[in-house]
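S.K.: A predicted structure for the sequence below; I have some questions about it.
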Amino acid sequence: MAVLDTGFDSGHPDLAGRVTDAKNFTWEPSVQDRNGHGTHVSSTIAGSGAASDGRFKGVAPDVELIEGKVLDDNGSGQYDWILAGMDWAVAQGADVVSMSLGGAPTNGTDVLSAAVNRLSAESDSLFVIAAGNEGAAYTVGAPGAADSALTVGSVTKQSALSWFSSRGPRLDDDAIKPEIAAPGTDIVAARATGTLDAEAVDGSYARLSGTSMATPHVAGAAAILKQAHRDWTGEQLKAALIASAGAVKQAGVFEVGAGLVDVPAALDQQVAADPAVVPTVQAAQPVAGAAPTTRRITYRNASDRTVQLQLKAETTGPDGSSAPSGLAVLAAAHVTVPAHGSATVDLTLAPALAAQAGVHSGVVTAVGAGQRIRTPYALTVKPTTRTLTLVGGANRPGVDRSFIDVVVQNLATGAAVRTSVSSGKTRKLVLPEGAYRVFGLVWEQQLDGNTEVASAAVHYAYDVTLDADRERTIDVADAKPVTLAVDRDDAVSSEYAGTGLVSRVGSGGAGTTGLVAPLLATAHSVYAVGSGELPGLTFFGAGSFQQDWITARDTATGKPIDVTIRPYYFAGWYGDVTGEVVDVGDAADLGGVELAGKVVLFEASFAVPAAERTARYNALKAAGAGVIILSGYLQGSQPTDPILSVDPANTKRLRALLAKGPLTLRVTGIRASEYHYLTFHQVDGRVPAGVRWLDRAADLAKVRTTHWTPGYPNDIKALYGWIEHDGLVWVQQHTVTRTPAAADVYLTPDVPWTTATFHLAGSEGGVVGAQYSAPTVYRAGTTYADEWLKAPFNPSLSALGASGEPQVARTGDDLTVALPMFSDAAGHRSEWLPGMDTGRTVLARDDGTVVADNDVPGRGEFRLPPGDAWYRLTVTAHRDGGEEAGSDWPMSDTVTDEWRFRSGHTTANRARAEELLDIRYDLPLGGLEEVAVGKPSTFHLSVARQTGVTGGPVREVGVEYSVDGGATWAAASVRADGDRWAVALPALGQGRVALRTHAVAGDGSEVTETILKAFEVGCVEWWCGTVG
């Protein structure tokens, strides 16, 4: 058998002795698999299971493999590589060629599919090919679209269709693809060394999903069948596998073909159908008077006895209900197939009886003498089409240019297409008859020359019935303003907020505009055109507000000017300067202009060389400019410089004010906002004719929020918030602050908010250390508290996983470990970062005998013996962003935990949380994760159980500390303090302190946790001194 993929791991125990030949067709240096996909596929076919005591054995573990590396280490391949690999596999005499790869959907005449057909005709090889992972109709890709290919869809282990599995019909001729299905969801197979960290089950295996995983199951089945019938051709193998497939409930022939591969049935198969799949009959509305089409099925009997077959054709319509009687009719209810002979039956498909357009499909099932032969068939009826002409309406007064974004959604199915049209232009869409929703937004611009000076987004929605050709003008002349506001005069909107439309109708889910209109950010504004009742439509507004970083007030009026000024550096200047505004242009000739203490407008034009721009900027600084407002870009400035930024539109606004006469501004920059608002509103069933949502603090929930920083002083952190709607996040909102900081965060009550932040550090702006809250419903008028990124960072067993599951859980005899090793002190859920987090996870018996291990920290899936026993779970995690990531993780960079816990078999269908202890720390830290130098300090810690577990109390806690990176340790003083433990540390010198904590519960459960760089003692003057 040939596997054409990313190569294979020659050192994996499961493939030892299995590969007899290999060839590299790519630009990579060897056939070695550095991606992981090919090794996983290969072991699904032929893996011995040696690394798992046979647990993860392949479908055909005795088969010999030849490996063609036709995909590079990124999983991509060129046509010439794949074509050469296919030719090579056939030339080597491969009986079965497994190809878990594919491209865009085709009609089966593309280059790759044509090669499959040619090679199949020239040889006895069977090509088994993945259908694809697009999850929608008409998405079977090449080369799986080939006539000769046995194309494979995916089902779950519970025999339900996998959501991602590509579905037919094939493009153009509506041929049935895929022809068969196999398990492809959550498949555990061999893991190539150094790959698939995120999917690792342990050091030797990984869990993947896709039709790529289903394909080797069928390829392995084909190999077993070939072993039993050495004289069979590839076409015969294909026919037998299709005929013997088992039914998949609630899945049609364009999803799973004949059904789920059944190896025992295929081995017993003596009767096969020709064709194995009936060619699709195509028709188009109107179907009245359409002639029926007859397809002949021939049953061939390879056995020594006559077989009587009972025949039945069951057809379903496009909506899943039974098709009208007479639409698919067999000429006989039974046939007799003589030994080593054949018999035929005609299947007649009558388009005239199709009550609705769409796919009518079914399976002819022949049963008798221990045989079951399933033969899929289909009739597709193309609907009557109509033309919808979209007309771009006239621009509203003052609008110079517009762009109209349009979604057209079928109200019966929910399927949507996105298009666009310009003002005064038309766009024609040919669509099936039916009812549709046309919705979206119009982007409007006001221009000064080529410079945008103002912009707006206008939402609209209409329903249209296409019972004839129709024209719909997108007219927004009646648009009314949409305003989101809060009860703070100095509040401004973040750009990370928006308004939008969502339409959830029919069976196809949600269609959206795909765009979110920004709210009030810079010059943007939002409008809406009122509509009538539109069931299933939601108009929403999500607001994010905080104090403006920079305020410029005219000292003559005391009012802010209508010019948006931004920090040039997020971690840059803040302060208070009052001065006359001086426009120095490009500063080519300052001509003795007095600049000391002034507000200087400087245009760093790209027409001036970069070095000269920098020199002129430095001259402005040397002249004592109070603050420099930069229009353009330059190099050589520093974050601490008094430099701000304006875009071209606001440059023109500022100059227009200067043109009226002398202008003195008070320019104020704040270090951090004292408040943040995250608000959400929606209107269901219509688009409002404008709306004003004003949120008052008294009507919202308040969360007193403190942000520490494990990195740089004044480092920027974002506070994210979002609400899920049936699993869909419509908009992700956030505000921004310099840290450390404390602020009141106001949230819309009675909806489930997920909030998050992350640590951001490094010159390249790398992002690490994301922390997430659980979805939380807050109540109006109630004050809450939350703390983000406070040290130390350690595993949090109180934070459920992203799907709400325990972090360490047992189901039956399978132990799943998914520990967030770098959660902050508040216990927010953290995420494992591939490429940045390294370490190991080891599960051992109480006597130290290793049960299983994984070279990924805090992750694994281990098989346990069924009896009750004590175990030790040891996890070491190290986080290092490195230069390549442009970021680092300065605090708690190495964490080691060893848990002792008891576990036994569970028959529950749901995961059971294991009885692990969870240590949470509460240290009296300053905003830079520090305690004072030379002063004793006391902190508290608590020890609880993993969420979902109720266990006995903790009876003993010991704490040690180290000031030399863990080389030596000293005991700290520990005493019980209510339901917590108080830990006293002596006065310490400047540096970073490591902690080691050991806790023992009354039932014998234990945990020992070591955290290097747990917290700071003091910090260098330039570091701490930069915080205002």
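M.R.: Cool, got the structure.
S.K.: Give me the secondary structure label for residue 236.
M.R.: helix (DSSP: H, G, I helix; E, B strand; the rest coil).
S.K.: do the same with residue 241
M.R.: helix.
S.K.: Name the nearest residue to it, ignoring sequence neighbours.
M.R.: residue 266 (5.5 Å; C-beta to C-beta, 6 or more residues apart in numbering). Yep, even glycine has a C-beta here, placed from its N, CA and C like the rest.
S.K.: Double-check that the one you found belongs to a strand.
M.R.: No. Counting by three-state DSSP, residue 266 is located in no strand; its state is helix.
S.K.: What is the burial count for it?
M.R.: 21 (other C-beta atoms under 10 Å).
S.K.: pretty sure it is touching residue 223, no?
M.R.: No. Using C-beta atoms under 8 Å, residue 266 is not in contact with residue 223; the gap is 11.4 Å.
S.K.: Show me what counts as buried in the longest helix anywhere in the chain.
M.R.: For the chain, the longest helix by residue count, based on DSSP state H, is helix 211-228. By neighbour count on 16 or more other C-beta atoms under 10 Å, the buried set for helix 211-228 is 211-226.
S.K.: Using CSV, list the CA coordinates for it.
M.R.: Extracted C-alpha coordinates of helix 211-228, given in CSV (Å, rounded to 0.1, in the frame of the first residue of the first chain):
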residue,chain,number,x,y,z
THR,A,211,-11.5,13.3,6.2
SER,A,212,-7.8,12.8,6.2
MET,A,213,-8.3,10.6,9.2
ALA,A,214,-11.3,8.8,7.7
THR,A,215,-9.4,7.9,4.5
PRO,A,216,-6.8,5.6,6.0
HIS,A,217,-9.5,3.6,7.7
VAL,A,218,-11.0,2.8,4.3
ALA,A,219,-7.6,2.4,2.7
GLY,A,220,-6.8,-0.2,5.4
ALA,A,221,-10.1,-1.9,4.8
ALA,A,222,-9.2,-2.1,1.1
ALA,A,223,-5.8,-3.7,2.0
ILE,A,224,-7.5,-6.3,4.1
LEU,A,225,-10.0,-7.0,1.3
LYS,A,226,-7.2,-7.3,-1.2
GLN,A,227,-5.4,-9.8,1.0
ALA,A,228,-8.5,-12.0,0.9
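S.K.: Taking helix 234-243 as reference, get the angle to it.
M.R.: 110 degrees (axes from the mean of the first three to the mean of the last three C-alpha atoms, to 10 degrees).
S.K.: Can you give the distance from helix 211-228 to the centre of its chain?
M.R.: 31 Å (C-alpha atoms, centre = their mean, to the nearest Å).
S.K.: just stretch 807-815 next, same as before
M.R.: Distance, centroid of stretch 807-815 to centroid of chain: 25 Å (C-alpha atoms, centre = their mean).
S.K.: end to end, how far does that stretch reach?
M.R.: 10 Å (C-alpha to C-alpha, to the nearest Å).
S.K.: How about residues contacting it?
M.R.: 795-797, 799-801, 816-820, 843, 860-866, 873, 899, 903, 905-914, 916, 946 (C-beta atoms under 8 Å, 6 or more residues apart in numbering).
S.K.: Inside strands: which ones of those?
M.R.: 816-818, 843, 860-863, 873, 899, 903, 912-913 (DSSP state E).
S.K.: What about those, which one has the most neighbours?
M.R.: Result: residue 860 is most packed of those (other C-beta under 10 Å), 27 neighbours.
S.K.: tell me which residues of stretch 230-243 are tucked away?
M.R.: Buried-residue list, stretch 230-243, by 16+ other C-beta under 10 Å: 232-243.
S.K.: what is the rounded mean pLDDT of it?
M.R.: For stretch 230-243, mean pLDDT rounds to 97.
S.K.: begin at 31 from here
M.R.: With the count now opening at 31, the last piece we talked about shows up as stretch 260-273.
S.K.: contacts for that stretch?
M.R.: Taking C-beta under 8 Å, 6+ apart as the rule, stretch 260-273 contacts 125-126, 150, 153-157, 178, 180, 209-210, 248, 251-252, 255-256, 259, 287-288, 291, 296, 299, 301-304, 306-307, 402-406.
S.K.: thinking again about what came up before, out of the buried residues of stretch 260-273, flag the one nearest to residue 451.
M.R.: residue 272 (46.4 Å; C-beta to C-beta).
S.K.: ok, so what distance separates that closest one from residue 299?
M.R.: 10 Å (C-beta to C-beta, to the nearest Å).
S.K.: Same check on residue 604?
M.R.: 78 Å.
S.K.: what does residue 246 give?
M.R.: With C-beta to C-beta as the criterion, residue 246 and residue 299 are 21 Å apart.
S.K.: same thing with residue 81?
M.R.: In terms of C-beta to C-beta, residue 81 sits 34 Å off from residue 299.
S.K.: now residue 173
M.R.: Taken as C-beta to C-beta, the span from residue 173 to residue 299 is 26 Å.
S.K.: quick one, which of the two is more surrounded?
M.R.: residue 173 (28 against 23).
S.K.: Quick check: pLDDT value at residue 666.
M.R.: 85.
S.K.: Ignore what I typed, I meant residue 920.
M.R.: For residue 920, the predicted pLDDT is 82.
S.K.: Helix, strand, or coil at it?
M.R.: coil.
S.K.: And it, how close does it get to residue 909?
M.R.: 10 Å.
S.K.: Which one's more surrounded, these two?
M.R.: Using other C-beta under 10 Å as the criterion, residue 920 and residue 909 rank with residue 909 on top: 25 against 19.
S.K.: hang on, that one packs against residue 865?
M.R.: No. Residue 909 is not in contact with residue 865 according to C-beta under 8 Å; the separation is 10.6 Å.
S.K.: neighbours around residue 757, how many?
M.R.: Based on other C-beta under 10 Å, the number of other residues close to residue 757 is 7.
S.K.: where along the stretch 331-480 of the chain do the strands fall?
M.R.: 337-346, 358-360, 364-367, 372-379, 388-398, 401-412, 415-422, 431-440, 446-451, 456-462, 464-478 (DSSP state E, counting those that start in this stretch).
S.K.: And the ones you listed: which comes nearest residue 318?
M.R.: strand 401-412 (11.7 Å).
S.K.: and the closest one, what's its mean pLDDT?
M.R.: Computed over strand 401-412, the average pLDDT equals 96.
S.K.: just stretch 342-356 next, same as before
M.R.: On average, stretch 342-356 scores 90.
S.K.: what does that stretch contact?
M.R.: Against stretch 342-356 from outside (C-beta under 8 Å, 6+ apart): 280, 282, 357-360, 363, 377, 380, 383-395, 397, 407.
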